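Chemist: I would like to see how this sequence folds:
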Amino acid sequence: MSPTSFTTPRDLLRYAVTRFNTAKLFFGHGSAEAFDEAAYLILHTLKLPLDKLEPFLDAKLLADEVAAVLAVIERRSVERVPAAYITKEGWLGTYNFYVDERVIVPRSFIAELVPDFFSPWVPDPEGVENILELCTGSGCLAIMLADAFQNAKVDAVDISPDALAVARRNVSDYKLESRVTLIESDLYQNVPDKKYDLIITNPPYVNSTSMGKLPQEYLCEPRIALDGGSDGMDLVRKIVAGAAERLTDDGILMVEIGNERAFAEAAFGALGLTWLTTSAGDDMVFLLTADQLRLN
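Modeler: Model prediction:
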């Protein structure tokens, strides 16, 4: 297809949707369908407001603008790279983060619960002083937690120095260096010896069978950030086992496990898991109190 065939964003949008659908792309990194992803990539590439497609649909484009958009459409279609890696940004709620191939694309059902301060499980948000976030990746949840819990210090942990480099950039962008401490650690190994009001984690939890069936888009992400072992619970077991001694008396542990509820119940059901409601239902995030963990 010659670039001269396209003169407006409307032309490119139609072409992109057809191209994406023909390539049978997978949309699981922010967009729900080909149209949304095409609109986002076109607007971003043209440096237009991401929430204002309509006013620009029939604007005449320069040849180099058309070429730039076509290059992005081809990369997404042929290489099946997540859009966030092309644009170097990922959105989580209203928050925008820098991302690249060193981290998974920000996505978390826990993020939906942050604006309500995990109500009713945290009765006094202003009283939360210390939060531990394990497997921080890009630092997205740590930043959202620090922004919500204004009196809290957040220790954000990851085993990957590459991921922490990305997180450091995001923490700096949000000017939270004084409140978010990034720690290179294998889970609790290098965590300070103190008690936390909240331990929050969105760890690797994809089971081995599911890892073998992941779409190409997910295989672009760091495997270490996805692979949770045979039942997806390898790291979750360590997180649950070490949480009790690091929580305050009324502290809570919150763990995101995606589609692995059956495996989580098999591993930890005896503790009495509380499943929290998110946009995907009551299967994605579980909670345990310090009291429950200490009875383990």
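
Chemist: check which helices and strands the helix or strand hosting Leu293 is in contact with.
Modeler: Assigned by DSSP states H and E, Leu293 belongs to helix 290-294. On a contact count with 3 or more CB pairs under 8 Å, 6 or more residues apart in numbering; DSSP states H and E, helix 290-294 meets helix 234-243, strand 247-256. Placement of C-beta: from N, CA and C, glycine included.

Chemist: list the buried residues of the first one.
Modeler: Same thing as helix 234-243. Of all the residues in helix 234-243, those buried under the rule 16 or more other CB atoms under 10 Å are Asp234, Leu235, Val236, Ile239, Val240, Gly242, Ala243.

Chemist: model confidence over it, on average?
Modeler: Averaging pLDDT along helix 234-243 yields 98.

Chemist: before we move on, what about the last one?
Modeler: Confidence for strand 247-256, expressed as mean pLDDT, is 98.

Chemist: which element follows it toward the C-terminus?
Modeler: helix 261-268.

Chemist: by contact count, what packs against that following helix?
Modeler: For helix 261-268, the elements it packs on are helix 234-243, strand 281-289, judged by 3+ CB pairs under 8 Å, 6+ apart.

Chemist: in JSON lines, list the ones you listed along with distance to Ile159.
Modeler: Below are the helices and strands packed on helix 261-268 laid out as JSON lines (distance: least, CB to CB, whole Å):
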{"stretch": "helix 234-243", "distance to Ile159": "10"}
{"stretch": "strand 281-289", "distance to Ile159": "22"}
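
Chemist: Lys194: which of those is closest?
Modeler: helix 234-243 (13.7 Å; CB to CB).

Chemist: run through the strands of the stretch 1-150 of the chain in chain order.
Modeler: Taking DSSP state E, counting those that start in this stretch to define them, one finds strands in the stretch 1-150 of the chain at 89-92, 95-98, 130-134.

Chemist: ok, back up a step: of the buried residues of helix 234-243, which is the nearest to Gly281?
Modeler: Among these, Val236 lies closest to Gly281 (CB to CB), at 19.1 Å.

Chemist: that closest one contacts Asn202, correct?
Modeler: No: applying CB atoms under 8 Å as the test, Val236 and Asn202 come out as separate, 10.7 Å apart.

Chemist: which other helices and strands contact the longest helix anywhere in the chain?
Modeler: Taking DSSP state H as the criterion, the chain has its longest helix at helix 63-78. The contact analysis (3+ CB pairs under 8 Å, 6+ apart) places helix 63-78 against helix 9-22, helix 34-45, helix 83-87.

Chemist: now with 6 Å, please.
Modeler: Under the contact definition 3 or more CB pairs under 6 Å, 6 or more residues apart in numbering; DSSP states H and E, helix 63-78 sits against helix 9-22, helix 34-45.

Chemist: I'd like the ones you listed laid out as TSV, including mean pLDDT.
Modeler: Converted to TSV, those look like this (pLDDT from 0 to 100):
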stretch	mean pLDDT
helix 9-22	97
helix 34-45	97
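
Chemist: got those helices as CSV, with mean neighbour count and distance to Ser230 columns?
Modeler: Output for the helices and strands packed on helix 63-78, formatted as CSV (neighbours: other CB atoms under 10 Å; distance: least, CB to CB, whole Å):
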stretch, mean neighbour count, distance to Ser230
helix 9-22, 18, 34
helix 34-45, 20, 33
